[in-house]
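In: quick one: sequence plus predicted model below, questions after.
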Amino acid sequence: MVREGEKRVNETLENRPLGSSERPLRVAVIGSGPSGFYAIAALFKTDGVEADVDLFDRLPTPFGLVRGGVAPDHQKIKNVIRVYNRTAQHERFRFFGNVELGRDISVDDLRRHYDHIVYATGNESDRKMGIPGEDLPGVHSATEFVGWFNGHPDFQDRSFDLASARRIAVVGNGNVAMDVTRVLVRNPDELAPTDITAESLAVLRESNVEEVVLLGRRGPAQAAFSPQEIKEIGSLEGVTLLVSEQEMDLDEISSGWLENGAARSAQRNVAYLTEVAGARAGAGDRLVTCRFLVSPIELQAGNDGRVARVVIEKNELYASDDGTPRPRGTGETETLDVDLVFKAVGYRGVPLPGVPFHERWGILPNDEGRLQTEQDGDVVPGQYVVGWAKRGPTGLIGTNSPDSTATVKKMLEDIDGATAAPDPAKAPGKIVELLESRGVDFVTFDDWTRLDEDEVALGEAQNKVREKYTNIESMMAAVNRLR
């Protein structure tokens, strides 16, 4: 005979629908940028699914590239943080900042304490050009420069000799290249009220840069910048945008592509570039020169060992099998004297301890968001990928919303009809106990809110949007002071 007390114990151990109020789905999200927040929002918005979500970030501060990558003179874009703040107010949400995978917790820890893991770690490194001279002094990645002036802790030890530079080459012409260029040529007084760091603003005030040359490997019709970005540079006070009328003479491939299949943005870019082509520089203006159909093939040093020249090969376009214009070298070269080079040829993911990694593509191998042991390999049960870690560095901030929602849909398909018994290891308090036992000083969302208010107050005292803490030590000191 089963006693009444034993019966109650057995009932508590019975399986319940996974994702129900009796057995909520426990999810760990690694990385607090846009893709991570959009994944969490998609979970919380799913009818009939109860999920407890813990968001981890190696930095004490959330929001990823919205905080550390969006240019300081684009404050309106950062307003998307309000959406993420609403998600963070959900009763089943927790933030664990200053917690690094591989240092403070492991994948095995996460598997023990959660049903599912979502990797939203983005692309934290930069792509290489793979040409001679790429490692010369004076050659920098856009990733470093953008992180530096945005106060990202990883890049505060970098230095950029803008006081000695007159001409800078920026390799690439996507929107990150536009951000780099705009910050280099914009009047520092216009940047002063933003959240740019005090240190980088001081360096920009001492800058003697006269010209930035944008090097694009494709033609003007295939330029990667958005119409808004190039128009903004063209409208800066004290800046002249130089575009060669000869380079705006489109070849037949580009003309045909524009008429049949090109995005509306490409047509708008060509219309604007054609309008401004042939402009003459105003007296004392800083110059932004757009070059098209050129690829750097070598960086050369001067007598001091620093980069002094860029050898560029002129390209021509050919139609690929699907009709898309592609560039190829012609063998004709030109040498451009420069003082600094910024590489803006794309971001790249970095490996995570205990997580499969696609070395060539720089992403976490996955099948529509389901993590794989290798590309086209077996699916790793219960582990998923969103954002740039999933697809590479493509799209804008908003692109991550449908991308993350699509991955969450796959996750929910995987638990459809699944049941699970209550698991003491997955109780919400267990991960807190683990971190505390290891001496991890983790940052909660309330901690972040107080730090956020403190940065804003520091900024207001200097007539700025905010003054950021730029290293983890000062962030944590402030967090502990404000608790």
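Out: Alright, I've got the coordinates. Residues are numbered from 1 along each chain as shown.
In: where do the strands sit along the stretch 101-250 of the chain?
Out: Remark: strands assigned in the stretch 101-250 of the chain by DSSP state E, counting those that start in this stretch are 116-119, 125-126, 139-141, 167-171, 211-215, 239-243.
In: from the contact counts, what lies against the fourth one?
Out: Contacts defined by 3 or more CB pairs under 8 Å, 6 or more residues apart in numbering; DSSP states H and E place strand 167-171 against helix 175-185, strand 211-215, strand 340-343. (Each C-beta comes from the backbone N, C-alpha and C, glycine too.)
In: direction included, what does the shortest one pair against?
Out: Going back to what we said before, that points to strand 340-343. strand 139-141 (parallel), strand 167-171 (parallel) (DSSP bridges).
In: can the ones you listed go into a markdown table with extra columns for mean pLDDT?
Out: Converted to a markdown table, those look like this (pLDDT from 0 to 100):
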| stretch | mean pLDDT |
| --- | --- |
| strand 139-141 | 97 |
| strand 167-171 | 98 |
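In: which stretch among those comes nearest Gly97?
Out: strand 139-141 (25.5 Å; CB to CB).
In: ok, residues contacting the closest one?
Out: The contact list for strand 139-141 (CB atoms under 8 Å, 6 or more residues apart in numbering) reads Asp126, Gly133, Arg158, Phe160, Leu299, Val307, Leu340, Val341, Phe342, Lys343, Ala344.
In: repeat for stretch 423-438
Out: Contacts of stretch 423-438 (CB under 8 Å, 6+ apart): 26, 52, 54, 94, 96, 99, 104-105, 109, 112-115, 442.
In: now, of these, which are buried?
Out: 26, 52, 54, 94, 96, 99, 104-105, 109, 113-115, 442 (16 or more other CB atoms under 10 Å).
In: against Thr143, how distant is the most centrally placed residue in the chain?
Out: Geometric centre of the chain, nearest residue: Leu65, 4.5 Å, by CA atoms, centre = their mean. Distance of Leu65 to Thr143, computed by CB to CB, to the nearest Å: 10 Å.
In: what's the pLDDT at Asn10?
Out: Note on Asn10: pLDDT of 44.
In: same question, Gly284
Out: pLDDT, Gly284: 86.
In: sorry, back to before: so which of the buried ones among the contacts of stretch 423-438 comes closest to Arg280?
Out: Nearest to Arg280 among these, with distances taken as CB to CB, is Val99, at 55.3 Å.
In: Gly31 versus the closest one, what's the distance?
Out: Distance from Val99 to Gly31, by CB to CB: 11 Å.
In: overlap in contacts, these two.
Out: Phe56, Asp57.
In: I'd say Ala281 and Leu287 touch.
Out: Yes. Counting by CB atoms under 8 Å, Leu287 is a contact partner of Ala281 at 5.7 Å.
In: quick one: low-confidence ranges for this structure?
Out: 1-13 (pLDDT under 70).
In: show me it divided up by domain.
Out: Partitioning the chain according to automatic domain parsing yields domains covering residues 4-124+349-443, 127-346.
In: possible to save these as CSV with distance to Ile472?
Out: As requested, those are exported to CSV (distance: least, CB to CB, whole Å):
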stretch, distance to Ile472
domain 4-124+349-443, 6
domain 127-346, 5
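In: looks to me like Ile312 is in a strand.
Out: Yes. According to DSSP: H, G, I helix; E, B strand; the rest coil, Ile312 belongs to a strand.
In: grab the nearest non-local neighbour of it.
Out: Computed as CB to CB, 6 or more residues apart in numbering, the closest residue to Ile312 that is not its neighbour in sequence is Val294, at 4.4 Å.
In: show me what contacts the one you found?
Out: Applying CB under 8 Å, 6+ apart, the residues near Val294 are Leu215, Gly216, Arg217, Ile312, Glu313, Lys314, Asn315, Glu334.
In: cutoff 6 Å now
Out: Val294 sits next to Leu215, Ile312, Lys314 when contact means CB atoms under 6 Å, 6 or more residues apart in numbering.
In: next, count neighbours for the closest residue in space to Val307 that isn't next to it in sequence.
Out: With CB to CB, 6+ apart as the criterion, Val307 has its nearest non-adjacent residue at 4.0 Å, and that residue is Gly138. The tally of other residues near Gly138 (other CB atoms under 10 Å) stands at 23.
In: show the backbone phi and psi for Gly138.
Out: Here is the backbone geometry of Gly138 (degrees, to the nearest 10): phi 90, psi 0.
In: so Ala389 sits in a helix?
Out: Yes. Assessed with three-state DSSP, Ala389 lies in a helix.
In: residues near it, how many?
Out: By other CB under 10 Å, neighbour count at Ala389 equals 30.
In: quick check: it touching Leu364?
Out: Yes. Checked against CB atoms under 6 Å, the pair Ala389 and Leu364 is within contact range at 5.0 Å.
In: joint contacts of the two?
Out: Common contacts of Ala389 and Leu364 (CB under 6 Å, 6+ apart): Tyr119.
In: dump the helices and strands packed on strand 167-171 to CSV, plus distance to Ala39.
Out: As requested, the helices and strands packed on strand 167-171 are exported to CSV (distance: least, CB to CB, whole Å):
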stretch, distance to Ala39
helix 175-185, 24
strand 211-215, 35
strand 340-343, 30
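In: among these, which is nearest Asp73?
Out: Minimum separation from Asp73 across the helices and strands packed on strand 167-171 (CB to CB) falls at helix 175-185, 6.8 Å.
In: how far off strand 167-171 does that closest one point, in degrees?
Out: 170 degrees (axes from the mean of the first three to the mean of the last three CA atoms, to 10 degrees).
In: starting at the chain centroid, how far to helix 175-185?
Out: 15 Å (CA atoms, centre = their mean, to the nearest Å).
In: before we move on, what about stretch 275-285?
Out: 33 Å.
In: show me what it is in contact with.
Out: Residues contacting stretch 275-285 (CB under 6 Å, 6+ apart): Gly234, Gly238, Val239, Thr240, Leu241, Val243, Glu245, Met248, Leu287.
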